[in-house]
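> Need a 3D model of the sequence below.
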Amino acid sequence: MTTEVPRRAGPLGMIPTDRGSLTSIGATVGAILAAIVIGTLLSGLIPPAPNVAETTPTPSPSPSSSPSGSTPVSSGSGAPSVSPSPGLIGTISYGYALDPSTHTVTEPTESFAPGDQFCYSISLTEPFGTAQIGEEVLRIESDGSLTVVQSRDKEIMDVTPAAQVAGFCTRATGLIQVWSTGNFIMREYRGVELIAEGRFAMTG
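Sure, this is the predicted structure:
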């Protein structure tokens, strides 16, 4: 007697061949292709994000501060401008002559030429307190540097200790021969203390 094994309904093998399966597979593939096409179109429409460079701020130079006091300032005129140095107890004035009673200058000027009388008066806010003061003279060079033309250790001026004013005169010709011409700074010292400062010019 022959036994017949019943067959399972549906297609045989790994790849389905019935209409329903093929329809389902086709719909899935179509959806995938549609998604790829839409993604490609959208990527072309959206512009790429710009590259943003991170900038580092450049430090600006701080204004540098100018030194005060006795540092010379170049002047375009023949005679330097006179501005008393802060903190000093005295000033120096210049002229062509001296008042014999007050020892202050007359005919004031700050520029001297050969043949002129070179006079100057030292005025303090307190007595000199000593019988001698040292006097230093510096020439202001074109680059602003200072050259000592008279050392305070070698030029000692006699003053009255109880006085507050002292005056001196000499001929500019001899000074120009030793110091040359230009702008100058004169400084008066009581020991190591700078007590007065003034500026003047010598011309040829």
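
> Could you list the low-pLDDT ranges of this protein?
1-31, 33-35, 37-86 (pLDDT under 70).

> please redo it, this time with the cut-off set to 90
Low-confidence segments of the chain (pLDDT under 90): 1-87, 204.

> Just the strands from it, written as ranges.
Applying DSSP state E to the chain gives strands spanning 90-98, 105-108, 111-112, 117-124, 132-140, 146-150, 156-158, 165-171, 182-190, 193-202.

> and the residue nearest to Asp158 when sequence neighbours are not counted, how many neighbours?
Ranked by Cβ to Cβ, 6 or more residues apart in numbering and with sequence neighbours excluded, the top spatial neighbour of Asp158 is Gln132, at 5.9 Å. All C-beta spots, glycine's among them, are computed from the backbone N, C-alpha and C. Using other Cβ atoms under 10 Å, Gln132 is surrounded by 13 other residues.

> wait, Gln132 sits on Glu155?
No - contact between Gln132 and Glu155 fails when scored by Cβ atoms under 8 Å: they sit 10.4 Å apart.

> ok, how many other residues are close to the nearest residue to Ser123 once chain neighbours are set aside?
Using Cβ to Cβ, 6+ apart and skipping residues adjacent in sequence, the residue nearest Ser123 is Val165, 5.1 Å away. By other Cβ under 10 Å, the residues close to Val165 number 17.
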